[in-house]
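Trainee: just coords:
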């Protein structure tokens, strides 16, 4: 797309791939920037108003920081605030701080409650209360109640818009209510049945509701919900419930059993993605909340502690090497081969640790099967150790023509790969047992174990042998 005619393809003629191509086109971004700079709201609407919220978020990230809030102000009611939920936290907060309070209030009012909470929760208390103060009492109370629940809990994720009716209502009354009442949730999968105090009796799925005779009461067709979620439950635990039982939605209740919200599968997909992202970052020594849009100083500080731990581990390994300085001077080949043993052990330990950490996070690795899994990893380490020991013994003999050196590195390889297998699973289990997140803390400990044992085994055996 090179000319203005192509860039101005009407939004109702675009497909998803067209929007992606536009966002990646520097000429299109330049046109959007020009429209923002000149304050041409109508031109801007023609270009982006009907973008899907995900693509609109990508467009915001592609624009310079000063242009982002201006785009939202110019689009006015045509801007879908749901797009802000797709942005990095840093970018989202920067935009919200630049927008007029009235603009944010109107945008939040049009959102589902779960999206509104997602946007508000990252603001500081003063900004949060200012926005809530401009909302009608009913909406403010619902959002405040969700914000009062712990972070990463079901209460923060739930949607407070749902349909709850008494058990004496008939199916006919319910269908008429759904068809004639304004302000109901845009998407829902069941009708909840509650008593006068809003305690949950169960639910009636929409497919059953549509197939049931109009004269029957809801209390006669209600199904007790077997997978009710507490508002204070951790979102990761809730995600596992959805995964295990193939749920589409589930009710959320407070400590007294009163219905306070509903969780749907689209919310859970976001949770699964976030938790997986956190685990991957943690295994690499990166803070869970680090994002591409974060500042240099924030990223440098967040990574420092991990690098410091690795530096301590490296110094410990270096100390072990220094204990065998005389042996290294006698046989230079030891210095050449030493990194191979440590590197192979480190890679093997990382493999085991990654599997163990993930299994702990998903509750697949438990006390009931821990012994079996440890024994399996021990056998895997032993098998790989023997195989690679034979390979390295042959390589060393061919390279240095010293048979004894081949035997030494073979024995060290077996010892280190067995230690790597045990360390890779025992360290995460031990950390989890004492309440420390194994994804965050396992790496330095496992690295230290494999380096120290690898160097000590190789050089120690060499010292005894020669």
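Mentor: Ah, there it is. What you see is a predicted model, and the numbers here were worked out from it, not measured in a lab.

Trainee: Which residue ranges of the stretch 251-400 of the chain form helices?
Mentor: All helices of the stretch 251-400 of the chain, identified by DSSP state H, counting those that start in this stretch, fall at 265-283, 296-322, 325-330, 332-361, 370-400.

Trainee: what's the most buried one of these?
Mentor: helix 332-361 (a mean of 20; mean count of other CB atoms under 10 Å). (C-beta placed from N, C-alpha, C; glycine too.)

Trainee: For that one, give the mean pLDDT please.
Mentor: In this model, helix 332-361 has a mean pLDDT of 85.

Trainee: Over to stretch 155-175?
Mentor: Across stretch 155-175, pLDDT averages out at 94.

Trainee: Repeat that for stretch 132-142.
Mentor: 90.

Trainee: what comes up buried for it?
Mentor: Buried residues in stretch 132-142, counted by 16 or more other CB atoms under 10 Å: 132, 135, 139, 142.

Trainee: Report the contact partners of the first one.
Mentor: With contacts defined as CB atoms under 8 Å, 6 or more residues apart in numbering, the neighbours of residue 132 are 120, 140, 143, 144.

Trainee: Give me the buried stretch members for the strand or helix carrying it, please.
Mentor: For residue 132, the host element (DSSP states H and E) is helix 125-133. By neighbour count with 16+ other CB under 10 Å, helix 125-133 contains the buried residues 127, 128, 131, 132.

Trainee: which residues in the chain form strands?
Mentor: Here the chain has its strands, by DSSP state E, at 164-165, 190-194, 200-205, 229-230, 249-253, 259-264.

Trainee: thinking again about what came up before, which one of the helices of the stretch 251-400 of the chain has the lowest average pLDDT?
Mentor: Of all the helices of the stretch 251-400 of the chain, helix 325-330 has the smallest average pLDDT, which comes to a mean of 71.

Trainee: Can you get me a residue count around the spatially closest residue to residue 342 that is not a sequence neighbour?
Mentor: Nearest non-adjacent residue to residue 342, counting by CB to CB, 6 or more residues apart in numbering: residue 454, 4.1 Å away. A total of 29 residues lie near residue 454 under the criterion other CB atoms under 10 Å.

Trainee: May I ask you to confirm that residue 454 is in contact with residue 349?
Mentor: No. Using CB atoms under 8 Å, residue 454 makes no contact with residue 349, being 9.9 Å away.

Trainee: picking that back up, what's the most distant pair in the contacts of residue 132?
Mentor: Spatial extent of the contacts of residue 132 (CB to CB) is set by the pair 120 and 140 at 10.8 Å.

Trainee: related to what we said a few turns ago, which ones are touching the residue nearest to residue 342?
Mentor: When contacts are counted by CB under 8 Å, 6+ apart, residue 454 touches 341, 342, 344, 345, 346, 412, 416, 419.

Trainee: what does residue 223 give?
Mentor: 202, 203, 204, 205, 208.

Trainee: so the fourth one bridges to which residues?
Mentor: Beta-bridge pairing for residue 205 (DSSP bridges): residue 190.
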